[in-house]
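> Give the three-dimensional model of this entry:
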Amino acid sequence: MKQKGLEVEGKVVEVLPGGLFKVDIGGTFIEASLSGRMRINNIVVMLGDMVRVELTPYDMTKGRIVFRSLKKDQDESKTISKKDL
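Numbering: from 1, shown residues only. Take a look at the predicted model:
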């Protein structure tokens, strides 16, 4: 039976090579990659973005970015994608 992961909010503090990101979740840093759904929909995650990360129950230092929160000063009706760049 597949175990459900823990979801936490964090901030992207560093973009690493290979599609990885370093995310700060309350003083703890974890490595996270983009979920397949975000890759398919060309969602761009940049430095300073607030993201929701799903942590594995086996290794709490690695996770998967499942949602990118919109910034307050950004237009809430639009999400940046690679097609817009």
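> which residues in this protein form strands?
Residue ranges of the strands in the chain, as given by DSSP state E, are 6-16, 20-25, 28-34, 50-55, 62-68.
> export those to TSV and tack on mean neighbour count, distance to Ile43 and mean pLDDT?
(Each C-beta comes from the backbone N, C-alpha and C, glycine too.) What follows is those, written out as TSV (neighbours: other CB atoms under 10 Å; distance: least, CB to CB, whole Å; pLDDT from 0 to 100):
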stretch	mean neighbour count	distance to Ile43	mean pLDDT
strand 6-16	14	13	93
strand 20-25	18	12	94
strand 28-34	17	7	94
strand 50-55	19	10	94
strand 62-68	19	6	93
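> Just want the most central residue of this structure.
The chain has Ile65 as the residue nearest its centroid, 3.2 Å off, counting by CA atoms, centre = their mean.
> quick one on the thing from earlier: among the strands of the chain, which is nearest Val44?
Of all the strands of the chain, it is strand 62-68 that lies closest to Val44, at 8.2 Å by CB to CB.
> Verify the contact between the residue nearest to the centre of the chain and Lys22 for me.
No - contact criterion CB atoms under 8 Å: Ile65 and Lys22 do not qualify, at 11.4 Å.
> what sits in contact with each of those two?
Taking CB atoms under 8 Å, 6 or more residues apart in numbering as the criterion, Ile65 and Lys22 both touch Ala32.
> one step back: could you dump the strands of the chain to a markdown table with distance to Asn41?
A markdown table is the format used below for the strands of the chain (distance: least, CB to CB, whole Å):
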| stretch | distance to Asn41 |
| --- | --- |
| strand 6-16 | 18 |
| strand 20-25 | 17 |
| strand 28-34 | 10 |
| strand 50-55 | 15 |
| strand 62-68 | 10 |
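> My understanding was that Ser35 contacts Val53; is that so?
No - assessed by CB under 8 Å, Ser35 is found out of contact with Val53, at 9.8 Å.
> Give me the common contacts of these two.
Arg64, Ile65, Val66.
> Gly48 versus the last one, what's the distance?
Val66 sits 18 Å away from Gly48, taking CB to CB, to the nearest Å as the criterion.
> just the first one next, same as before
From Arg64 over to Gly48 the distance is 20 Å, taken as CB to CB.
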